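Colleague: predicted model, plus sequence, below.
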Amino acid sequence: MTTSLKVLTLTLGAIISCSALAADYPMTVTDVTGRAITFDHEPEHIALGTARNFPLLEIVYGKDAGKHLVAMRDDMKNSAPSMYELYVKRYPSLANAHTIGKISKGQFDAEAFINMKPKPDVLIIGLDSAKKAESTGLIQKLDDAGIKVITADFRDKTIDNTLKSVTTVAKALGQDKRGQAFSDYYLEHLNHIKDVIAKHPDIKTKNVFLETAAGYTFESCCDTYAGGNMSDFITLLKAENIATKPLKGAHKGVMSPETIITASTDVYIMQSAGWIDKKTGKATHGIPLGYAMNKEEIASQTAMLMSRDWLKATKAFQTKNVYAVYKPFYNSPYNLVALEYFAKWIHPDLFKDLNPEATFEEMNKKLGNNDVKGIFGINNFEAMSNKL
């Protein structure tokens, strides 16, 4: 950890403690879509179009985050169950929050939302939902009803939009200093990684494959990204995403096992989690990374995914460079932690100093006023041997 980072970390608490100072309203902010939103008063009641964005509210409000949330989608409960369990225990009111539908799928009931009690002041949504809400007139309808819509993006332009999203939302909600504290912390870590890469222009290019939703269904393979999401980390680290050329410009698609094998994949990374199938209510074959720290179950599910015959034929498997990362990081302001895992896995000699687990705990404590632990990134071979 650099000296400047240590100083920054020590001063974060002091910076955040000043965040309760009153902001000036009316206020106009510009979100990641370029849309200007004007607030005539400080918002109090917040709704989340994606429940897994709740860490954003904790960064903005700290221990008061639960008091401000009035509605959210049900995605955290099914797609990040250990996160849901942690937050409901910390903020029991989340269990009673109103449930809203997914805007991009046409499942959002605008009338019910407008008539909700307490009435939301703000709805925070992602880019896909923002496009749908704009084209259908939903944003204007909610604005006419006194509900402001802000777009926050952590997945389409992962690195560029994370800072903009957090600082914009924090400012709009009257917590500008907390947003700036997050930005300072994030940039310090991000710039350290960029600086190391810049100092090694002759770095050996690694071929990397990112399997998204590994284990959601055991039989299928292999959904992936070649733009946005965690694939942006591969590019930043000067590695080669083997899906880029086959997907021919598409941001996401499917790669065949044969292509992954013949691409001489140096590093294989699985995005996974302990998902719950909404139809059956049962756990999928995903690796239950997250806040639960269930080492035995992680070992069992990792072994199952590693048993796929075609995977054993990859270079990454043979050199024991197969890893798994907590998938919900792809849509979280804590995506910095995933970037640090990627840096250690792709360039282990250059990033021996990084400690993603410590970064996650520190970010939560210093920026979100929350003490958390968990298992969020693994070497799959070590996990199978219960060496976590």
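Modeller: In hand now; what should we look at?

Colleague: so residue 268, which state does it fall into?
Modeller: Look at residue 268: counting by DSSP: H, G, I helix; E, B strand; the rest coil, its state is strand.

Colleague: what helices or strands is the longest helix along the chain leaning on?
Modeller: Assignment by DSSP state H gives helix 176-198 as the longest helix of the chain. Packing partners of helix 176-198 (3 or more CB pairs under 8 Å, 6 or more residues apart in numbering; DSSP states H and E): helix 3-17, helix 54-61, helix 158-172, helix 231-236, helix 335-346, helix 356-368. Every C-beta, even on glycine, is put in place using the N, C-alpha and C of the backbone.

Colleague: ok, which of the ones you listed comes nearest residue 285?
Modeller: Closest approach to residue 285 among those (CB to CB): helix 335-346, 21.1 Å.

Colleague: what's the angle between the closest one and helix 176-198?
Modeller: Compare the direction of helix 335-346 with that of helix 176-198 by axes from the mean of the first three to the mean of the last three CA atoms, to 10 degrees and you get 10 degrees.

Colleague: who touches helix 335-346?
Modeller: With contact meaning CB atoms under 8 Å, 6 or more residues apart in numbering, helix 335-346 is reached by 154, 158-159, 162, 186, 189-190, 193, 206, 208, 230, 233-234, 236-237, 239, 267, 269, 321, 323, 325-326, 329-330, 350-352, 354-356, 359-360, 363, 376-377, 379.

Colleague: if we can go back for a sec, any chance of the helices and strands packed on helix 176-198 in JSON lines, with mean neighbour count, mean pLDDT and distance to residue 214 too?
Modeller: Listed next are these as JSON lines, based on neighbours: other CB atoms under 10 Å; pLDDT from 0 to 100; distance: least, CB to CB, whole Å:
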{"stretch": "helix 3-17", "mean neighbour count": "14", "mean pLDDT": "48", "distance to residue 214": "32"}
{"stretch": "helix 54-61", "mean neighbour count": "25", "mean pLDDT": "97", "distance to residue 214": "22"}
{"stretch": "helix 158-172", "mean neighbour count": "22", "mean pLDDT": "96", "distance to residue 214": "19"}
{"stretch": "helix 231-236", "mean neighbour count": "22", "mean pLDDT": "96", "distance to residue 214": "15"}
{"stretch": "helix 335-346", "mean neighbour count": "24", "mean pLDDT": "98", "distance to residue 214": "14"}
{"stretch": "helix 356-368", "mean neighbour count": "20", "mean pLDDT": "96", "distance to residue 214": "19"}
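
Colleague: what's the closest of the ones you listed to residue 24?
Modeller: Across these, residue 24 has its closest neighbour in helix 158-172 (10.5 Å, CB to CB).

Colleague: CA atoms of stretch 359-373 as PDB?
Modeller: Below are the C-alpha coordinates for stretch 359-373, written out as PDB (Å, rounded to 0.1, in the frame of the first residue of the first chain):
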ATOM      1  CA  THR A 359      -9.600  -3.900   0.000                       C
ATOM      2  CA  PHE A 360     -13.200  -5.100   0.200                       C
ATOM      3  CA  GLU A 361     -13.200  -5.100   4.000                       C
ATOM      4  CA  GLU A 362     -11.700  -1.600   4.000                       C
ATOM      5  CA  MET A 363     -14.000  -0.200   1.400                       C
ATOM      6  CA  ASN A 364     -17.000  -1.400   3.400                       C
ATOM      7  CA  LYS A 365     -15.700  -0.100   6.700                       C
ATOM      8  CA  LYS A 366     -14.300   3.200   5.600                       C
ATOM      9  CA  LEU A 367     -16.900   4.100   2.900                       C
ATOM     10  CA  GLY A 368     -20.000   2.200   4.000                       C
ATOM     11  CA  ASN A 369     -19.600   2.000   7.800                       C
ATOM     12  CA  ASN A 370     -20.100  -1.800   7.600                       C
ATOM     13  CA  ASP A 371     -17.900  -4.600   8.900                       C
ATOM     14  CA  VAL A 372     -18.100  -7.500   6.400                       C
ATOM     15  CA  LYS A 373     -16.100 -10.600   5.500                       C
END
